[in-house]
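Asker: Let's see this in three dimensions:
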Amino acid sequence: MIPEDHPRYRSLVARERIADAVRSGIVVVEGASAHGRGEAFDYLLGEQTSASAKRAEKTAAAFLLAAIRPVISVNGNTAALAAEEIRDLAKASGAAVEVNLFHRTEERMAAITAHLKAHGVTVLEGTAERLLPLSHDRALCLRDGIYAADVVLVPLEDGDRCEALVEMGKTVITIDLNPLSRTAQTATLTIVDELTRALPNITQACRTLTHEAGEQLIADHDNSRLLYAALQTMQEHLTDAMD
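Answerer: Numbering: from 1, shown residues only. Okay, here's the model as predicted:
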């Protein structure tokens, strides 16, 4: 039992969820390693949502609300850490939810889908086809899901697929704590924030954003500026730590 007054409570709970998910087959060992890398970057952010991330989260809401066919792409780590947050965002934005995996097996697909459904998520299902220009199994997706989407939210994405989706003309929103990653650099919109902080903020913005405010956020969007602001925030925290 992790005491709620532990200074590292949120982080420890997240680690426990990932460990449990590894044991249940939802997360692969490689996913646990990736989670640790993200934690390191969250330290540099001071483990809080920056002003630029808050703007990115509102802009993500604007893109999702303006989309014709928005889809949230979910992998094992996202399902393990934020199933309820995905459910709430899907309802607020009208986005569909599709499971898409790099380390894909039918057993993992079934386990993740069942986990999401147990948390109230409606999951797109059907026969996946190799529809994305990738040599690995993230190319497999549903024709009426990710393939047909105009806006795709891909939390904790890998760079290959992000790049492929952008080249297919889709608006790609990612949540990535590393502003230097290929995913962060390639996406249409990068939210440099921790997953379970970012998703509720996007959901709240979906519930409150006006049409006019959303149009303005999209018109003013500049991903390079957001990434630069995230790096500045990290640099400031590093400088403060040395004082």
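Asker: contacts, neighbours, all on C-alpha from now
Answerer: Noted.
Asker: what sits against the residue nearest in space to the middle of the chain?
Answerer: Closest to where the C-alpha atoms of the chain average out (C-alpha atoms, centre = their mean) is residue 155, at 1.6 Å. Shown in contact with residue 155 (C-alpha atoms under 8 Å, 6 or more residues apart in numbering): 73, 74, 78, 173, 174, 175, 176, 195.
Asker: now the strands for this protein?
Answerer: Taking DSSP state E as the criterion, the chain contains strands spanning 70-74, 96-99, 129-130, 140-141, 151-155, 171-175, 189-191.
Asker: Out of those strands, which is the most enclosed?
Answerer: Of all the strands of the chain, strand 189-191 carries the top mean neighbour count, a mean of 29, counting by mean count of other C-alpha atoms under 10 Å.
Asker: Partner strands of it, with direction?
Answerer: Partners of strand 189-191 in the sheet, by DSSP bridges, are strand 171-175 (parallel).
Asker: Buried residues of the longest helix along the chain, list them for me.
Answerer: Longest helix of the chain, by residue count under DSSP state H: helix 223-242. Of all the residues in helix 223-242, those buried under the rule 16 or more other C-alpha atoms under 10 Å are 223, 224, 226, 227, 229, 230, 231, 233, 234.
Asker: Same check on stretch 157-170?
Answerer: Neighbour counts over stretch 157-170 (16+ other C-alpha under 10 Å) mark 157, 158, 159, 160, 161, 162, 163, 164, 165, 166, 170 as buried.
Asker: So what touches it?
Answerer: Taking C-alpha under 8 Å, 6+ apart as the rule, stretch 157-170 contacts 132-134, 138-139, 149-152, 154, 171-172, 174-176, 181-184, 186-188.
Asker: do stretch 112-132 as well
Answerer: 26, 76, 79, 83-84, 86-87, 90, 96-99, 137-143, 145, 147, 164-165.
Asker: got the end-to-end distance for it?
Answerer: With C-alpha to C-alpha, to the nearest Å as the measure, stretch 112-132 spans 21 Å from end to end.
Asker: tell me which residues in it are buried?
Answerer: For stretch 112-132, the neighbour count (16+ other C-alpha under 10 Å) marks 112, 113, 115, 116, 121, 122, 123, 130, 132 as buried.
Asker: Among the buried residues of stretch 157-170, name the ones in helices.
Answerer: Among the buried residues of stretch 157-170, DSSP H puts 159, 160, 161, 162, 163, 164, 165, 166 in helices.
Asker: Check the fifth one and give its pLDDT.
Answerer: So that's residue 163. With respect to pLDDT, residue 163 scores 92.
Asker: residue contacts, residue 233?
Answerer: Contact partners of residue 233, counting by C-alpha under 8 Å, 6+ apart, are 45, 50.
Asker: change the start of the numbering to 41 and stick with it
Answerer: Taking 41 as the first residue, the last one we looked at is residue 273.
Asker: measure it to residue 90 for me?
Answerer: For residue 273, the distance to residue 90 - C-alpha to C-alpha - is 7 Å.
Asker: List every C-alpha atom in stretch 53-73, with coordinates, as CSV.
Answerer: Provided in CSV are the C-alpha atoms of stretch 53-73 (Å, rounded to 0.1, in the frame of the first residue of the first chain):
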residue,chain,number,x,y,z
VAL,A,53,1.1,4.7,-8.2
ALA,A,54,1.9,5.0,-11.9
ARG,A,55,4.8,2.7,-11.5
GLU,A,56,2.7,0.1,-9.7
ARG,A,57,0.0,0.3,-12.5
ILE,A,58,2.7,-0.3,-15.1
ALA,A,59,4.1,-3.2,-13.1
ASP,A,60,0.7,-4.8,-12.7
ALA,A,61,0.0,-4.3,-16.4
VAL,A,62,3.3,-6.1,-17.3
ARG,A,63,2.2,-9.0,-15.1
SER,A,64,-1.2,-9.1,-16.8
GLY,A,65,0.2,-8.8,-20.3
ILE,A,66,-1.2,-5.4,-21.1
VAL,A,67,2.2,-3.7,-21.1
VAL,A,68,5.4,-5.3,-22.5
VAL,A,69,8.7,-5.0,-20.7
GLU,A,70,9.8,-2.5,-23.3
GLY,A,71,6.8,-0.3,-22.3
ALA,A,72,8.0,-0.3,-18.7
SER,A,73,11.4,1.0,-19.9
